[in-house]
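Colleague: Need coordinates for the following:
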Amino acid sequence: MASGEERRRRDNLVPLAALISREMRIEKIEKPIVKYGHAAQSRKGEDYFLIKMDCQRLPGNSSSTFSVFAIFDGHNGNAAAIYTRENLLNHILGAIPRDLGREEWLQALPRALVAGFVKTDKEFQSRGETSGTTATFVIVDRWTVTVASVGDSRCILDAQGGAVFSLTVDHRLQENVEERKRVSASGGVVGRLSTVGGVEIGPLRCWPGGLCLSRSIGDMDVGEFIVPVPFVKQVKLSNAGGRLIIASDGIWDALSSEMAAKSCHGLPAELAARQVVKEALRTRGLKDDTTCVVVDIIPPDNSIPPSTPPKKQNKLRALLFRKKSHFSASKLSKKLSAIGIVEELFEEGSAMLAERLGNGDSTSQSTSGLFTCVVCQIDLAPSEGISVHAGSIFSTSSKPWQGPFLCADCRNKKDAMEGKRPSGVRVA
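Modeller: Numbers count the residues shown, from 1 in each chain. Predicted coordinates for the structure are as follows:
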C-alpha cells in the first residue's frame, strides 16, 4: 500500500497537459498583439519612415522577436534621412553584446541607442554632405517600449484610461531653455534671423548655420554642438496595452498631443494614422511634410476591458506613470501592470557622452582580447583606447582610466561636441 506521504505527493502532481496549457497561457499574456498604420502627405519629400516587425534578438529564435518603428524628418535635402533609415538600426544592434537574456538586452538598449545615434552621425558626416535629419526611433518588445529621439519629431503614448504621455523631448531652441544654455556653453550662438534693417524675425536658431534644432543627425555645416545624442525613455505598459503615435513636426505644428490622440480614438491603427494626418491638414494645411505612424499594443484577448476616462489628468499622471522601485522590482512590476500603471524603467537626456555611455564592464572587451570603441565598435589595442571619462568634468567616475573606451576619432568628436575643440579640427 502506498503511504500517506506518497498519496499526498501523487495528489499534488499536475498533469502534463495542464502544464503545457499553463505555459501557453503565460506566453500568450507575455506577448501582446502589435498592429500598425502609416499615412503621409509630402511637400518637400524629406520625411522617411521605417517599420520592421520581424527583428530578432537571437537570430532564428521566434520568441525573441521585437518591432521597430521610426520617423526621420530631413532638412537641407533628404540624404541624411535616407542614410539614417538604412543604417541606424544596424548600428544600434551592433552596440549590444551578444547572447544576452531579454531583461539584460532591454537594460543594454539605452546605451546602445546613444552609441548607434553617434556612430550614424559620425559616418554620415564623413561623406561630406550637409543634409541633416531628426530621428525618433521606437523599439517595442512585448509590453516594453523604448524610445530614442533627436530633433522635434515626437512619440506619444495614449494609455488606457485616456491619459496621454510624451515619450520624447523636443530639441527646439525656441522652446528648450536647457538646450539653449548647452549650445551657448559649447561655442554656438543662439539668436533670431536678422533682416537688413536689424529687425529680428522667426524662431531662435543656432549660428553658424541657422538651424532651429539643438540635436540632429548630420548637419556638418552647422557645428558639432548640434549633437546626435538622443533623449531616451523606456516604459513598460500594463497588460491593458496602449497606442503610440509617432509623427514628424508637420503633425505637431498643427495638433497638440492630446488633440492627435483624441482625433483617432476608436479607430484601428491604419485608419487612425490617416485621420491624424487629415486632422493636421484640416487645421494648418500642407505647409510641411506630414508623416504619422500609429502603433497599437493590444492584449492577446479581450479579457481586460478598457478603463474609464480619468476625471483629473494631473492625479492620473502621478498614479499611472510611476518610476520603477529599486526594491522587489519583479514583484512590483507585476503589481503595477495588474492595476494598469505605466511603469517608467529609464529616462535620460544629457548630451554628455561620459554620462550616457556608462561605466566600463566586461562587455567593452572583444572576443579577440582587444578593447572595442563603445561608439564605432572597432577593435582597439589596450594602449589605443581612450576612456570616455578622461578629462571630462561631467564624468561621475573617480577613475578616468576606466572604460568604456573611445577610439581617437570618436574622442575628437566627443571633445568637439562638448566645445573643447573646434568643430572639424582633428588632432593627431
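
Colleague: show me the contacts for residue 124.
Modeller: 79, 80, 83, 84, 217, 218 (CB atoms under 8 Å, 6 or more residues apart in numbering). Every residue, glycine included, has its C-beta placed from N, CA and C.

Colleague: for those, which one is nearest residue 348?
Modeller: Nearest to residue 348 among these: residue 217, at 18.3 Å, using CB to CB.

Colleague: where does the closest one fall, phi/psi-wise?
Modeller: Note on residue 217: backbone dihedrals following degrees, to the nearest 10 are phi -110, psi 130.

Colleague: Give me the pLDDT for it.
Modeller: Residue 217 is assigned a predicted lDDT (pLDDT) of 97.

Colleague: Count the neighbours of it for me.
Modeller: Neighbour count for residue 217, taken as other CB atoms under 10 Å: 31.

Colleague: can you pull the contacts of it?
Modeller: Here residue 217 is in contact with 80, 84, 88, 117, 120-121, 124, 132-135, 150, 228 (CB under 8 Å, 6+ apart).

Colleague: Bridged to it, which residues?
Modeller: residue 133 (DSSP bridges).

Colleague: residue boundaries of the helices in the stretch 201-350 of the chain?
Modeller: With DSSP state H, counting those that start in this stretch, the ranges of helices along the stretch 201-350 of the chain come out as 249-252, 257-263, 269-284, 313-320, 329-338.

Colleague: what helices or strands is the first one leaning on?
Modeller: When you say that, I think you mean helix 249-252. Applying 3 or more CB pairs under 8 Å, 6 or more residues apart in numbering; DSSP states H and E, we find helix 249-252 packed against strand 154-159, helix 269-284, strand 290-298.

Colleague: As a markdown table, those with mean neighbour count would be great.
Modeller: Formatted as a markdown table, the helices and strands packed on helix 249-252 follow (neighbours: other CB atoms under 10 Å):
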| stretch | mean neighbour count |
| --- | --- |
| strand 154-159 | 24 |
| helix 269-284 | 19 |
| strand 290-298 | 25 |
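
Colleague: Could you dump these into JSON lines and include distance to residue 168 and mean pLDDT?
Modeller: Shown next, in JSON lines, are these (distance: least, CB to CB, whole Å; pLDDT from 0 to 100):
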{"stretch": "strand 154-159", "distance to residue 168": "5", "mean pLDDT": "96"}
{"stretch": "helix 269-284", "distance to residue 168": "16", "mean pLDDT": "96"}
{"stretch": "strand 290-298", "distance to residue 168": "13", "mean pLDDT": "97"}
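
Colleague: Nearest to residue 48, out of those?
Modeller: Per CB to CB, nearest to residue 48 of those: strand 290-298, 8.1 Å.

Colleague: Can you list the strands that the closest one pairs with?
Modeller: With DSSP bridges as the test, strand 290-298 pairs up with strand 33-41 (antiparallel), strand 242-247 (antiparallel).

Colleague: Three-state assignment for residue 99, please.
Modeller: coil (DSSP: H, G, I helix; E, B strand; the rest coil).

Colleague: Not counting residues beside it along the chain, what's closest to it?
Modeller: residue 58 (7.9 Å; CB to CB, 6 or more residues apart in numbering).

Colleague: so how many other residues sit close to the one you found?
Modeller: 15.

Colleague: again with residue 419
Modeller: 18.

Colleague: that's a strand at it, yeah?
Modeller: No - Residue 419: not assigned to a strand; according to three-state DSSP it is coil.

Colleague: In contact with the residue lying closest to it once chain neighbours are set aside, which residues?
Modeller: Closest residue to residue 419 apart from its sequence neighbours, by CB to CB, 6+ apart: residue 186 at 3.4 Å. Contacts for residue 186 (CB under 8 Å, 6+ apart) come out as 224, 225, 417, 418, 419.

Colleague: Select from those residues the one having the most neighbours.
Modeller: residue 224 (26 neighbours).

Colleague: just checking, that one touches residue 414?
Modeller: No - Residue 224 is beyond contact range of residue 414, at 9.3 Å (criterion: CB atoms under 8 Å).

Colleague: Next, count neighbours for residue 168.
Modeller: So residue 168, with other CB under 10 Å, has 25 neighbours.

Colleague: give me every residue that touches it.
Modeller: Here residue 168 is in contact with 136, 147, 149, 153, 154, 155, 156, 231, 233 (CB under 8 Å, 6+ apart).
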